[in-house]
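>>> Just a sequence and a predicted model for now, questions to come.
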Amino acid sequence: MIDKIRFGPSGNQKLFYEQGHKHSIEAPMWLHSMGLDAYEFSFGRGFTIKEDTARKIGEEAKKYDVLISCHAPYYINLANPDPLMIEKSFGYFTRGLTLLECFGGRDYVVHIGSCGKLSREEAISNIKTNLKNLLVILKNGDFLKNGKRLCIETMGKPQQIGTYEEIIDLCTMDECLVPTFDFGHINALTGGTLKTYDDYKKILDLAVEKLGERAKSCHIHFSKIEYGDKGEIRHLNYDDTVYGPDFAPLAKALKDLNFTPTVICESKDNMATDSLIMKGIYESV
Ligand SMILES: [Zn+2]
């Protein structure tokens, strides 16, 4: 069920409601009817869903073969030197993974931290120490059962920890760590350098070299993103022709290298319909 490439949106597109749907419980059926098979639920601004509701959505997802992932709260920062804040961050993992289990999902997508007043080296060193302690807690508490994974995301702003090299390196720490390659972020951070097949292949090759087979089932976020001198500015829809990146060269590289990722579309408005466009591109390359 899991080892195939999957496509789906983050959250519910307006069209979902315009077509008469009222609640995320109906989302798996709706996505399935469109030909999509992944769905990301965001806890970005906090945990707004009850366990019971997550279970109901999870049952629907199973019925319609839609793989659910969850995005952790944006407040997580494992680089923070304050032990109290680290304890809070750990709580965002245990709570979020409990809900992910209710959803019957696999991937927990995380922004791991940012520099704040620390040097980049200090921030990364803090993240490694805290991540190590966190993994002990999560494993002892059985929060990672049923193949759950922490999918650490590549980020779009310079002060955030999250170049693709940094993320791949962090993921070497444990088998349950897998990159979330947000190619819109990578493109925004580097001022629009993702253009060709080789630009993408270089990243995927490095992941396989350092992480082996599990790199091939990585998590992917894809959307076009406006950027400036300081990286990411805002998410766009796939019809943008100015900023990129383009999905076609990535689709070809994923196919050639036998990757089976979950590809989540984070377009500004058209998350589901753009996801379908991306699926079409993948099938046609
Ligand atoms: Zn994210």
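Received, thanks.
>>> mind checking the SS state of residue 173?
Here residue 173 is recorded as coil under DSSP: H, G, I helix; E, B strand; the rest coil.
>>> Now do the contacts for it.
128, 131, 132, 135 (Cβ atoms under 8 Å, 6 or more residues apart in numbering). No exception for glycine: its C-beta is placed from N, CA and C like everyone else's.
>>> ok, the first one - how many residues close by?
The burial metric for residue 128, expressed as a neighbour count using other Cβ atoms under 10 Å, is 15.
>>> ok, now the last one?
Applying the criterion other Cβ under 10 Å, we find 18 residues in the vicinity of residue 135.
>>> What helices and strands are in contact with the stretch of helix or strand it belongs to?
Using DSSP states H and E, residue 135 maps to helix 120-140. Secondary-structure packing of helix 120-140 (3 or more Cβ pairs under 8 Å, 6 or more residues apart in numbering; DSSP states H and E): helix 83-103, helix 164-171.
>>> Of these, flag the one that's most buried.
Using mean count of other Cβ atoms under 10 Å, the stretch among the helices and strands packed on helix 120-140 with the largest mean neighbour count is helix 164-171, at a mean of 20.
>>> Now do the helix holding residue 135 and helix 83-103, the angle between them.
50 degrees (axes from the mean of the first three to the mean of the last three Cα atoms, to 10 degrees).
>>> start to end distance for stretch 180-198?
The straight-line separation of the ends of stretch 180-198 (Cα to Cα, to the nearest Å) is 19 Å.
>>> the helices in the stretch 151-285 of the chain, which residues?
164-171, 183-189, 197-211, 248-256, 271-284 (DSSP state H, counting those that start in this stretch).
>>> Quick check: chain neighbours aside, which residue is closest to residue 111?
residue 153 (5.6 Å; Cβ to Cβ, 6 or more residues apart in numbering).
>>> Might you report the residue contacts of that neighbour?
So residue 153 contacts 109, 110, 111, 112, 162, 167, 179, 180, 182, 185, 221 (Cβ under 8 Å, 6+ apart).
>>> repeat that for 10 Å
71-72, 109-112, 160, 162, 167, 179-182, 185, 219, 221 (Cβ atoms under 10 Å, 6 or more residues apart in numbering).
>>> Residue 106 too?
Residue 106 touches 2, 67-70, 100, 146-149, 151, 178, 217, 219, 262, counting by Cβ under 10 Å, 6+ apart.
>>> didn't residue 227 look like it was pressed against residue 240?
No. Look at residue 227 against residue 240 with Cβ atoms under 10 Å: they stay out of range, at 11.6 Å.
>>> what residues do the two have in common as contacts?
In contact with both residue 227 and residue 240: no residue, using Cβ under 10 Å, 6+ apart.
>>> low pLDDT regions in the protein?
Scanning the chain for pLDDT under 70 picks out 1-2.
>>> still on that earlier bit, for residue 39, find the nearest of the helices of the stretch 151-285 of the chain.
Closest to residue 39 of the helices of the stretch 151-285 of the chain, according to Cβ to Cβ: helix 271-284, at 9.2 Å.
>>> angle of that closest one against helix 248-256?
Going by the same axes, to 10 degrees, helix 271-284 makes 60 degrees with helix 248-256.
>>> Quick check: buried residues in stretch 120-136?
Neighbour-count burial for stretch 120-136, counted by 16 or more other Cβ atoms under 10 Å, picks out 123, 124, 126, 127, 130, 131, 134, 135.
>>> Thanks again, I'm all set now.
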